[in-house]
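*Asks:* got a sequence here, can you build the structure:
(one chain, ligands or ions: 2)
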Amino acid sequence: MPIVELDPFLIDQIAAGEVVERPASVVKELVENALDAGARRIQIATAGGGKTLLRVTDDGNGIPREELRLAVRRHCTSKLSGGLDKIATLGFRGEALPSIGSVARLSVASRAKGADDAFEVVVEAGHCEGPKPAALTKGTVVEVRGLFQSVPARLKFLKSDRAEAQAITETVKRLAIAFPGVRFELSGPDRSRTLFEAVAPEAALTRIGAVVGEDFAENAVEIDAERDGVFLSGFAGLPTFNRGNSLAQYFYVNGRPVRDRTLVSALAGAYADMVAKGRYGVAVLFIELDPALVDVNVHPAKADVRFRDPGLVRGLIVGALREAFAREGVRGSTANAD
Ligand code: ADP
Ligand code: MG
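*Replies:* Ligands and ions are numbered 1, 2, ... in the order given. Sure, this is the predicted structure:
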């Protein structure tokens, strides 16, 4: 066969495989977009574990009519003007909406700040319709229906509605911790609802308690440490406050929720000889460092990061937690700082 250039729709479908793995990844992308748009209130509605319906409504800056078609087009973004080493937003790849639009029916309705009217585009089977007038007083509503209906191979790998809904809740929780000033409302069918009310920045612990559990605050030590320009803050649960899975380990790098091997393993190291095998410490840790010292552009889902000096970050986490535990009079069987 001769070499041919792939059809853009096919390219989007290929890219979609990496960006949207399951309904929770769609929620992550849409909520990140709402946050990037400066939303103060974000509503997430789901049905069928997100397979039937996902709707994210925000009160952010919106998208002007003339940019709506661009918003759902591959490699179109309003966020990368400063270059890859100056990323201040959660998104930057311009891939989420076109990817979603290639594996679901996608509609984006929006009213840009200062605009008199709202408009909507609809993407179906990679084909974009609109913009046509929509009824919306402000912000953006993105609706995703029938996710992966056209990609049976992917649909097969999805878990039960319940398990997918659970993953969506986890995704919202991770983002909710990073943005305590934003109100998040997640509603499922049968009127189930998770609500995180907005709190003042100095009440971040209130939001953490709402997400992780009210008893966490009473069983955690505050972490505040620095090593060679890398800052670590947050809360680490006492080793006695452990859990049977690692879901309640929340990591943020320059405000971005991440799930990174270096961090997961550092935390395991910090609790190593203090919790029983198969048990996990509970922690919410924020790492701030010069963006030049960390690469967030490792994977399309942006959950992995690469630290320039992973050993430094690991040592900082293990050292800071061990010190904080020692101050509380908690000691492991072998007190080893790294
Ligand atoms: P990225 O977020 O990487 O830029 P996306 O495909 O997620 O790529 O979104 C494309 C563009 O559409 C964004 O750059 C942004 O300008 C616009 N956009 C998407 N969602 C929203 C939203 N909820 N509010 C305002 N603008 C949005
Ligand atoms: Mg995005």
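
*Asks:* which SSE is residue 174 in?
*Replies:* Using DSSP states H and E, residue 174 maps to helix 161-178.

*Asks:* other SSEs contacting that helix?
*Replies:* Other helices and strands packing on helix 161-178, by 3 or more C-beta pairs under 8 Å, 6 or more residues apart in numbering; DSSP states H and E, are helix 23-36, strand 41-47, strand 183-187, strand 193-196, helix 204-212, strand 249-253, strand 256-258. Placement of C-beta: from N, CA and C, glycine included.

*Asks:* could you single out the most deeply buried of those?
*Replies:* helix 23-36 (a mean of 25; mean count of other C-beta atoms under 10 Å).

*Asks:* on that earlier part again, show me what the helix holding residue 174 is in contact with.
*Replies:* Here helix 161-178 makes contact (C-beta atoms under 8 Å, 6 or more residues apart in numbering) with 22-25, 27-28, 31-32, 35, 44, 46, 48-51, 158-159, 182, 184, 186, 188, 194, 196, 207-208, 210-212, 247, 250, 252, 255-257, 284.

*Asks:* export the helices and strands packed on helix 161-178 to CSV and tack on mean pLDDT and distance to ligand 2?
*Replies:* What follows is the helices and strands packed on helix 161-178, written out as CSV (pLDDT from 0 to 100; distance: least, C-beta to the ion, whole Å):
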stretch, mean pLDDT, distance to ligand 2
helix 23-36, 96, 4
strand 41-47, 98, 14
strand 183-187, 97, 17
strand 193-196, 94, 21
helix 204-212, 93, 22
strand 249-253, 96, 17
strand 256-258, 91, 12
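
*Asks:* mind putting those in TSV, distance to residue 295 included?
*Replies:* Below are the helices and strands packed on helix 161-178 laid out as TSV (distance: least, C-beta to C-beta, whole Å):
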stretch	distance to residue 295
helix 23-36	18
strand 41-47	28
strand 183-187	28
strand 193-196	30
helix 204-212	27
strand 249-253	10
strand 256-258	11
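
*Asks:* give the buried residues for the helix holding residue 174.
*Replies:* For helix 161-178, the neighbour count (16 or more other C-beta atoms under 10 Å) marks 161, 164-165, 167-178 as buried.

*Asks:* what angle separates it from strand 249-253?
*Replies:* Per axes from the mean of the first three to the mean of the last three C-alpha atoms, to 10 degrees, the angle that helix 161-178 makes with strand 249-253 is 50 degrees.

*Asks:* strands of the stretch 1-150 of the chain, start to end?
*Replies:* For the stretch 1-150 of the chain, the strands defined by DSSP state E, counting those that start in this stretch cover 41-47, 53-58, 105-111, 118-124, 127-134, 139-145.
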